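Trainee: Dropping a prediction and its sequence here:
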Amino acid sequence: MLMSLVYRMVDGVLQSEASEPSQPGPNEVLVEVEASSLNYRDIAIRAGFYPSRSGVIPLSDGAGKIVEVGAAVSDLKAGQQVTSCFYPFWESGPASATNHRATLGCDLDGMLTKFVTLPATAWIPTPEHMSSLEASTLPCAALTAWAALFSRGGLLPGQHVLIQGTGGVAVFAIQFAKAMGARVTVISSSDEKLARASELGSDIGVNYSEFPEWDERVIEEVGPEEIDLVIELGGAQTLQRSLNCLKVGGKLSMIGVLSGNEVSMNISAVLAKWIAIQGITVSHREDFLSMNRFLESKRIRPILYKVLPLSQVQAGYDELPRGRHFGKLVLDHLHE
């Protein structure tokens, strides 16, 4: 009999228990979760800023090994390494009220456990060159970066993208954009992080602590008609400056609201420059599979900021909001 350590979020407090995982139904899969990773959404859920089901097992992002598959599952098998899907019921195509509503770690049980049984559509094969520690970073941050750059952003080789910060989404965006042959400008408050971004291939770095009017500095560095796409992670305090940087006909992929979600702005730049603003919340299974093929072909590996044993999950929750990370914070479920 399998016994699983399970963490549940109840009124903003993590509670642990030991329980037996449910046997998979005909269209379900039982997985031993070997690693999971934290996202800012998980911090927002704990703080009550993001609606979630009381008692849900947190974290959308995880990877591990299949223990057992249901009788009707034909595309996955026991012993296979798999990674979770943020939207288990969004196979492909545009987002809708139906396919976009249920997410792991919020509406459905997530990855903060040793064993979990979920629909087979909640899993895809792990890239062959990655460990579970690495693959656990892909479902939210990597796929968001992929959609913001390519499937929704339309970035092409030779174009120029402005990326804000050096967290999980931003670092994946740097890696993906450079692997695609694009030019990359990164803004950060840390010269050390800008240096690390340069090691990943970024072409230009601007420290917004040194240059509070960083949009002017970006335009000075690259010109007013150079930035094709902005990966917007800041929100209220950065949106106007991001619009200022964009060329005529440019795009802005709105992902984060780290500096607030209510903004007063001059929208004339949007009109005069024909700017397209699009909201991005991860993406669907078909995009995930396309991204994984790209990862395998380019041999891209995630940047792990820190790996903590599962027993230190609370320390992980406390660490992420401090903003010190470069890349992803990961929990190792095989070492408590």
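Mentor: Structure's in. What do you need?

Trainee: and the nearest residue to Leu138 once chain neighbours are set aside, helix, strand or coil?
Mentor: By the measure of C-beta to C-beta, 6 or more residues apart in numbering, the closest residue to Leu138 outside its immediate chain neighbours is Thr83, 5.7 Å from it. Heads up, the C-betas are built off the backbone N, CA and C, glycines and all. Local secondary structure at Thr83 is given as strand here, using DSSP: H, G, I helix; E, B strand; the rest coil.

Trainee: State the distance spanning the first to the last residue of stretch 318-329.
Mentor: 11 Å (C-alpha to C-alpha, to the nearest Å).

Trainee: picking that back up, how many residues are close by the residue nearest to Leu138?
Mentor: Burial measure for Thr83: 28 neighbouring residues, criterion other C-beta atoms under 10 Å.

Trainee: do the same with the one 3 residues further on
Mentor: For Phe86, the neighbour count with other C-beta under 10 Å is 27.

Trainee: re the thing from before, what's across from the residue nearest to Leu138 in the sheet?
Mentor: Taking DSSP bridges, one obtains Ala63, Ile124 as the residues bridged to Thr83.

Trainee: and it, what is it in contact with?
Mentor: 62-63, 123-126, 135-136, 138-139 (C-beta atoms under 8 Å, 6 or more residues apart in numbering).

Trainee: quick check, Val257 in a strand?
Mentor: No - with the criterion set as three-state DSSP, the secondary structure at Val257 is coil rather than a strand.

Trainee: Closest to Arg41 out of the contacts of Thr83?
Mentor: Checking these against Arg41 with C-beta to C-beta, the nearest one is Pro139 at 11.2 Å.

Trainee: So what would you say the end-to-end distance of stretch 105-113 is?
Mentor: Taking C-alpha to C-alpha, the first and last residues of stretch 105-113 lie 11 Å apart.

Trainee: Could you pull up the mean pLDDT of that stretch?
Mentor: Here the mean pLDDT over stretch 105-113 is 96, rounded to a whole number.

Trainee: what comes up buried for that stretch?
Mentor: The neighbour-count criterion (16 or more other C-beta atoms under 10 Å) identifies 105-106, 108-113 as the buried residues of stretch 105-113.

Trainee: count of residues packed around Gly167?
Mentor: Residues near Gly167, counting by other C-beta under 10 Å, number 25.

Trainee: Tell me how far it lies from Tyr305.
Mentor: For Gly167, the distance to Tyr305 (C-beta to C-beta, to the nearest Å) stands at 9 Å.

Trainee: So for those two, which residues contact both of them?
Mentor: Common neighbours of Gly167 and Tyr305, counting by C-beta under 8 Å, 6+ apart, are 325-327.

Trainee: And stretch 294-303, how far out from the chain middle?
Mentor: In this view, stretch 294-303 has its centroid 15 Å away from the chain centroid, taken as C-alpha atoms, centre = their mean, to the nearest Å.

Trainee: what about it, start to end distance?
Mentor: Taking C-alpha to C-alpha as the measure, stretch 294-303 stretches 16 Å from start to finish.

Trainee: does Ala269 really touch Leu243, like I thought?
Mentor: Yes - in this structure Ala269 lies within contact range of Leu243 using C-beta atoms under 8 Å: 4.5 Å.

Trainee: between the two, who's got more neighbours?
Mentor: Neighbours around Ala269 and Leu243, counted as other C-beta under 10 Å, are more numerous at Leu243. The numbers are 22 against 15.

Trainee: From Thr166, how far out is that one?
Mentor: Taking C-beta to C-beta as the measure, Leu243 falls 22 Å from Thr166.

Trainee: now the contacts of Thr83 as TSV including distance to Ile300?
Mentor: TSV is the format used below for the contacts of Thr83 (distance: C-beta to C-beta, whole Å):
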residue	distance to Ile300
Gly62	20
Ala63	16
Trp123	21
Ile124	17
Pro125	16
Thr126	14
Ala135	12
Ser136	15
Leu138	10
Pro139	16
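
Trainee: residue ranges of the strands in the stretch 101-250 of the chain, please?
Mentor: Listed in chain order, the strands found in the stretch 101-250 of the chain under DSSP state E, counting those that start in this stretch are 115-119, 123-125, 160-164, 183-188, 204-207, 227-232, 246-254.
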